[in-house]
Structures are given as C-alpha cells and as structure tokens.
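Asks: 3D model of this:
(one chain, ligands or ions: 1)
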Amino acid sequence: MLRIAAQPGVFEFDPAHAALVLIDMQRDFLEPGGFGESLGNDVSKLTKVVPPLRRLLDAARASGLAVIHTREGHRPDLADAPPAKIARGQPSQRIGDAGPLGRILVRGETGQDIIPELYPLPGEPVIDKPGKGAFYATDFAAILKHRAIDTLIVTGVTTEVCVHTTVREANDRGYRCLVPGDCCGSYFDEFHDVGLAMIAAQGGIFGWVCESAPLVAALTALAVQKTALSEARSA
Ligand code: C5J
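Replies: Numbering: from 1, shown residues only. Okay, the predicted model is just below:
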C-alpha cells in the first residue's frame with residue numbers, strides 16, 4: 001500500500017489496483033490554433049501542467065502503474081456530437097470546422113491527438129470520448145473492470161470541466177479518486193482553485209487532492225523496490 005499526504009486526509013492505495021488517468025492532454029486544448037484557443041482561451045495557462053505531469057507519468061510507468069489516456073472528440077461525420085454542443089462557440093470555429101490543426105475536435109485530426117510530450121506508449125489504452133466525462137459513451141468502465149482497478153489518479157485538462165466531470169462520474173460509480181492539483185490545468189485560475197477545493201471539501205465529497213511530488217516519490221520508491229526484487233530473484 002502507498003500512503004500519500006492529501007486533502008482531506010492521507011490517501012492510501014494499492015498500486016496494483018490503481019491507474020493514472022490523463023484527461024484530454026490534446027493539442028486542441030494545449031496548442032495555439034486548436035479548439036481551446038478558438039473559444040478565446042490563453043492556451044499557455046495549460047502548458048505549465050506538462051512538466052509535472054511528465055514526471056508523474058515517468059514514475060507511474062517505471063513503477064508498473066496502469067496508465068490510461070483520454071481524448072475528447074467526435075466522429076468525422078459528427079453523428080455523435082450533440083447539435084447543442086456544436087452550436088456553441090464562434091460560428092466560424094466550431095467543432096468539425098477546419099482549423100490550423102485540422103478539423104476541430106474530430107477524431108483522427110492532428111489537433112485531436114495527444115501532445116508529443118505525453119504521447120501514449122503501446123499498451124496504454126486511449127479512450128476517445130464524445131463528452132466531458134470519461135465514462136459517458138465509452139468503454140472506460142469495462143477497461144477498469146477487466147484490470148480490477150478501483151482507484152484512479154486523475155490528471156489533465158481542464159480542472160473544472162473534463163477532470164471534474166470524470167471525478168464525479170467515477171465517485172458515483174464507487175471509484176476512489178486522487179487528484180494531484182499541479183498536474184491539472186485550467187484557462188481560469190479561480191476555477192482551478194475552486195474545482196480542487198470542491199473535490200476535497202466536506203470530508204472528500206468527490207475525492208482527495210494532493211501535490212504530485214509525494215506521489216512521484218512513492219512511485220519512484222516502488223519502482224526501485226521492484227527492480228531490486230527482480231534483480232535479487234534473477235541473481
Ligand atoms: C473542455 C475539457 N474544456 N477537456 N474540455 O471543453 O476540459
């Protein structure tokens with residue numbers, strides 16, 4: 001079991017039954033010319049998440065923790081995109097419209113893909129989701145069930161939209177969620193702060209919130225322990 005200092009209290013979990021989930025670290029949200037910028041947002045607010053999240057991803061991979069990525073996006077024919085969702089935003093820059101990174105939030109387009117710094121490795125599932133939450137209209141729940149995962153470490157963008165929706169969906173389904181706040185980002189500082197506070201409030205009504213440093217340290221120690229064990233076995 002790993003024990004991590006968190007709010008509203010220490011978070012204890014078995015890494016064999018946990019997954020690191022990276023929500024929507026896509027070019028459309030993080031790079032100029034994508035969907036996020038088309039909505040009038042300053043994308044540089046999200047890029048500060050990349051270095052700490054990369055450190056956490058490296059530690060998770062080294063320790064053998066399951067890693068799952070999500071991408072928000074729609075079918076090229078937009079049949080799975082609610083008209084009410086498409087209708088929002090600038091008329092010339094809506095979901096499905098052509099932009100500098102390809103058609104906005106359309107599966108298979110450059111902008112819809114994950115940024116190179118955090119790109120999935122072979123064997124790491126990528127959940128393509130049409131909504132804000134990772135469970136809605138996806139096979140996320142089935143993948144977690146088949147891997148006996150009961151604990152999610154939820155990271156990514158944006159804190160108050162897709163991260164929050166996923167944590168709420170997971171919490172209602174009985175998963176325990178830990179959210180490293182510095183590995184989540186928002187275009188709005190106040191929404192980020194309040195979003196994290198809401199998760200841990202009322203005794204952890206949606207989950208737990210921590211800094212990534214103690215989590216990285218615990219996963220790195222686990223990786224060292226596993227390597228030492230396997231070297232001792234093969235000696
Ligand atoms: C948004 C997301 N903000 N990934 N998507 O539309 O949070």
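
Asks: just the C-alphas of the lowest-mean-pLDDT helix or strand in the chain, formatted as PDB.
Replies: One helix or strand of the chain scores below all others by mean pLDDT, DSSP states H and E: helix 35-38, with a mean of 84. Presented in PDB, the C-alpha positions along helix 35-38 are these (Å, rounded to 0.1, in the frame of the first residue of the first chain):
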ATOM      1  CA  PHE A  35     -10.400  24.300 -30.000                       C
ATOM      2  CA  GLY A  36      -9.300  25.900 -26.700                       C
ATOM      3  CA  GLU A  37      -7.900  29.000 -28.400                       C
ATOM      4  CA  SER A  38     -10.900  29.200 -30.800                       C
END
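
Asks: so what does that helix touch, helix or strand wise?
Replies: helix 27-30 (3 or more Cβ pairs under 8 Å, 6 or more residues apart in numbering; DSSP states H and E). The way it works is simple: take the backbone N, C-alpha and C, and place the C-beta from them, glycine included.

Asks: name the helices or strands packed onto the helix it packs on?
Replies: Counting contacts by 3+ Cβ pairs under 8 Å, 6+ apart, helix 27-30 packs against helix 35-38, helix 44-47.

Asks: what pLDDT, on average, does that helix get?
Replies: In this model, helix 27-30 has a mean pLDDT of 96.

Asks: before we move on, what about stretch 179-195?
Replies: For stretch 179-195, the per-residue pLDDT averages 98.

Asks: ok, stretch 227-235 next?
Replies: Stretch 227-235 comes out at a mean pLDDT of 91.

Asks: distance from it to the middle of the chain?
Replies: Its chain's C-alpha centre and that of stretch 227-235 lie 33 Å apart, by Cα atoms, centre = their mean, to the nearest Å.

Asks: could you dump that stretch to PDB, C-alpha only?
Replies: Extracted C-alpha coordinates of stretch 227-235, given in PDB (Å, rounded to 0.1, in the frame of the first residue of the first chain):
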ATOM      1  CA  THR A 227      13.800  -3.600  -9.600                       C
ATOM      2  CA  ALA A 228      15.800  -4.700  -6.600                       C
ATOM      3  CA  LEU A 229      13.400  -7.600  -6.100                       C
ATOM      4  CA  SER A 230      13.600  -8.800  -9.700                       C
ATOM      5  CA  GLU A 231      17.500  -8.500  -9.600                       C
ATOM      6  CA  ALA A 232      17.600 -10.500  -6.400                       C
ATOM      7  CA  ARG A 233      15.400 -13.200  -8.000                       C
ATOM      8  CA  SER A 234      17.500 -13.400 -11.100                       C
ATOM      9  CA  ALA A 235      20.800 -13.400  -9.100                       C
END
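
Asks: strands along the protein, start to end?
Replies: Remark: strands assigned in the chain by DSSP state E are 2-4, 11-13, 18-23, 66-72, 98-99, 102-103, 126-129, 151-157, 176-180, 184-185, 208-210.

Asks: export those to CSV and append columns for distance to A232 and mean neighbour count.
Replies: Listed next are the strands of the chain as CSV, based on distance: least, Cβ to Cβ, whole Å; neighbours: other Cβ atoms under 10 Å:
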stretch, distance to A232, mean neighbour count
strand 2-4, 21, 17
strand 11-13, 25, 19
strand 18-23, 25, 26
strand 66-72, 25, 23
strand 98-99, 54, 16
strand 102-103, 50, 20
strand 126-129, 35, 19
strand 151-157, 28, 27
strand 176-180, 30, 24
strand 184-185, 38, 28
strand 208-210, 31, 23
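
Asks: lowest average pLDDT across those?
Replies: Across those, strand 98-99 has the smallest mean pLDDT, namely a mean of 90.
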